[in-house]
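Asks: Pasted the sequence and its predicted model underneath.
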Amino acid sequence: MEQTAIASQGSGADRGKRLLAVSAALVSAVFFGVNAVASIKLYAPEAAARFDAVSLFVARGVWSLPLFLLLAAATRPRQLPPLTIRNAALFLFCGIAYGPGTNALSALGAYATSASHAVLLLSLFPPLAAGLAALFLRERLSQLKTFAIVIGVIGAATLTLTRSSGTATTIGDLLIAAFILAWAILTLGIRQLDKTYPALFVVGVFGAIGCISLGVIGLAIGRLDSALIPVRHVDLQTVLWFDLELVLLLSLAGQLLQSMALRVLDVAIVVALTSYGSIFFGLAASLVILGERLTVQDILAAAFLVAALGLSLWPERGFSTGR
C-alpha cells in the first residue's frame, strides 16, 4: 500500500511536470508566431522607427544583451560544472545558431517575404528537428506524434498553395527556411546543454553569445548605431513591437519557456507544439493585425493544423520521453 501511494505521488508529479512543459511550449509559440507580424509592422513605411532588416537584428541583439547577462549571472550555479571543450563548443554553437542563425535570418526573411509565408514555413520545423534528433540524439517518435507531424505538414503544404496577402519572394522564403533550420539545430544544442547546466543559465549564456555576435556584425558593417533607433523613437508602436514583443517576449521569455519544455519533453514533441502553435497564432495575428484574408483553402489547411496540434497534445499511455 505504501509503495503504491509513493508510486501514485510520483506519477502525479510527472504529470504535473509534463503539463507545465506543454504549457511552456504553447505560450512560447504565441511569441514565435507573432515574430513576423511584429517585424513587418516595424518595417512599414508609416512606422516611426522605420527599421530595415539589418537595423532590426542589430538593435535587437544590443538591447537583448543586458537581459541575457543578468539571467546568466542570476542563475549561475554555486558549483559550476567543469567547462569541457565539448560544452564550450556547444555554447558557442548555440550562440551562433541563436544570434546570426535565428535572429538575423528571421529579420532578413520577414523583410523579403510576407507574414503568411513566414508563418507557413514554420511547418518545416517539426520534420527538420525530428530528423536531426533521430540522427544525433537517437530519439524515437511515437506513432501518434508521427501522425501529428504528417497532418501538420499536409496542412502547411495546403496553405503554401494559396496566395498570401503580402508580397513574397523566393529569396525571402529561403531565408525563412534557413532560419528554421538554425532554430532546429539550436533546439538540439539546448537539449544537450540542459543535461549538465541549469536551463535558465544555459539560455543566459548562449543568448549573450548570440547578442554579442549580432553586435559584432553591426560594428563590422558600420550599422551599430542602429541600437539608438529605439531611443530616438519612443512611440507606442516601437515599444509594443520592438521592446515588448521582439526583445522581452521573443528573445528572452520565448527562449526560457523553450528550455523549460526541453528539460521534460522530447525534442520532437516540443517542436511539434511550438511549430503548430506558432502557425495557428501567427495566422491569427496576420488576419487580425495585418488584415490578411483567408480563402477556403486557408480554412481547410488551418483545420489540419488545429488537428495536428490536438494530436500533439493527446496523452499517450506508456508514453516515454526517450531517456
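Replies: Perfect, thanks for sending it.
Asks: Could you report the distance from residue 14 to residue 136?
Replies: According to CB to CB, to the nearest Å, residue 14 and residue 136 sit 26 Å apart. Yep, even glycine has a C-beta here, placed from its N, CA and C like the rest.
Asks: swap in residue 53?
Replies: According to CB to CB, residue 53 and residue 136 sit 31 Å apart.
Asks: When these two are compared, which one has more neighbours?
Replies: More crowded of residue 53 and residue 136, by other CB atoms under 10 Å: residue 53, with 20 against 14.
Asks: quick one, phi psi at the more buried one?
Replies: As for residue 53, its main-chain torsions (degrees, to the nearest 10) stand at phi -60, psi -50.
Asks: For it, give me its contacts.
Replies: Neighbour list for residue 53: 43, 107, 108, 110, 111, 112 [criterion: CB atoms under 8 Å, 6 or more residues apart in numbering].
Asks: Where does pLDDT dip in the stretch 151-300 of the chain?
Replies: Residue ranges of the stretch 151-300 of the chain with pLDDT under 70: 156-157, 159-170, 293-295, 297-298.
Asks: My guess is residue 277 contacts residue 24. True?
Replies: No: with contact defined as CB atoms under 8 Å, residue 277 does not count as touching residue 24 (11.2 Å).
Asks: For the nearest residue in space to residue 251 that is not next to it in sequence, which three-state class applies?
Replies: Nearest non-adjacent residue to residue 251, counting by CB to CB, 6 or more residues apart in numbering: residue 64, 4.3 Å away. At residue 64, secondary structure determined by DSSP: H, G, I helix; E, B strand; the rest coil is helix.
Asks: give me every residue that touches residue 64.
Replies: Counted by CB under 8 Å, 6+ apart, residue 64 has contacts 207, 211, 247, 251, 252.
Asks: switch the cut-off to 6 Å
Replies: By CB atoms under 6 Å, 6 or more residues apart in numbering, the contact list for residue 64 reads 211, 247, 251.
Asks: which among those gets closest to residue 121?
Replies: Nearest to residue 121, judged by CB to CB, of these is residue 251 at 20.4 Å.
Asks: Just the helices from the stretch 151-300 of the chain, written as ranges.
Replies: With DSSP state H, counting those that start in this stretch as the criterion, the stretch 151-300 of the chain has helices at 170-193, 199-220, 229-232, 236-238, 254-262, 267-288, 296-313.
Asks: now what about stretch 217-229, what contacts it?
Replies: Against stretch 217-229 from outside (CB under 6 Å, 6+ apart): 49, 54, 55, 58, 59, 62.
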